[in-house]
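*Asks:* test case, fold it:
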Amino acid sequence: MARRRSYRLETAEDPVLDISSLIDVSFLLLIYFLVTSTLQKKETDLSFTLPSNIASEESTPVDPQTIRVEADGSVLLEKEPIEPASDPTVSVNLPTLFERMKVYKDTADAAGSTPVVILDAVDDGKTQRFVDVVNTLGKLKISNLTMTGFRDE
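*Replies:* Residues are numbered from 1 along each chain as shown. Just a heads-up that it's a prediction; the model follows:
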């Protein structure tokens, strides 16, 4: 008599994908990029001292300077236009403002007082131009800054 061979078919299971190694690699890449990245110093910590409600005992004999950033990007120092409007996508140096504020800082230092700057910005103005003005003040190490002109929302 002939023997019959019976073959059992193996049951097909759903394939399983183990993603634990992919998660490990993604965390290693994240840690690598966090450790190797650097922040730009010119826009991270400019060490500005903002005014407080407490009156100081020191009086400042040198008058504060007012810088206004208009909506079109032009910069005015004491209501006098010193920097024309520029392309808002390009970060530029402000040489005239730098020179005028350098003279002001030197005068304040010679008088033994602290230079104070009031930065008046228009809400609809160019943000990059505002950052350029703040960076210029940071280069001169003028740290007493008052910002005005913003709407309360």
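*Asks:* where in this protein is pLDDT low?
*Replies:* The chain contains residues with pLDDT under 70 at 1-2, 8-10, 39-61, 86-91, 126, 150-153.
*Asks:* repeat that for 80
*Replies:* 1-15, 38-62, 83-93, 122-127, 149-153 (pLDDT under 80).
*Asks:* just the helices in it please.
*Replies:* For the chain, the helices defined by DSSP state H occupy 20-36, 41-44, 95-111, 127-139.
*Asks:* C-alpha coordinates for the third one, CSV please?
*Replies:* Taking only C-alpha atoms (Å, rounded to 0.1, in the frame of the first residue of the first chain), the coordinates of helix 95-111 have been written out as CSV:
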residue,chain,number,x,y,z
PRO,A,95,27.8,103.1,9.8
THR,A,96,26.4,106.5,10.5
LEU,A,97,24.5,105.3,13.5
PHE,A,98,27.5,103.5,14.7
GLU,A,99,29.7,106.6,14.5
ARG,A,100,27.2,108.9,16.1
MET,A,101,26.5,106.5,19.0
LYS,A,102,30.2,106.0,19.5
VAL,A,103,30.7,109.7,20.0
TYR,A,104,27.7,109.7,22.4
LYS,A,105,29.2,106.8,24.4
ASP,A,106,32.6,108.4,24.6
THR,A,107,31.0,111.6,25.8
ALA,A,108,29.0,109.8,28.5
ASP,A,109,32.1,107.8,29.6
ALA,A,110,34.1,111.0,29.8
ALA,A,111,31.3,112.6,32.0
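*Asks:* ok, back up a step: most tightly packed of the helices of the chain?
*Replies:* Neighbour counts (mean count of other C-beta atoms under 10 Å) averaged over each of the helices of the chain peak at helix 127-139, with a mean of 19. For every residue, glycine as well, the C-beta is placed using N, CA and C.
*Asks:* my read: G73 touches A85, true?
*Replies:* Yes: using C-beta atoms under 8 Å, G73 is in contact with A85, at 4.0 Å.
*Asks:* more neighbours: which of the two?
*Replies:* Taking other C-beta atoms under 10 Å, G73 and A85 do not tie; G73 has more neighbours (20 against 14).
*Asks:* appreciated, that's everything.
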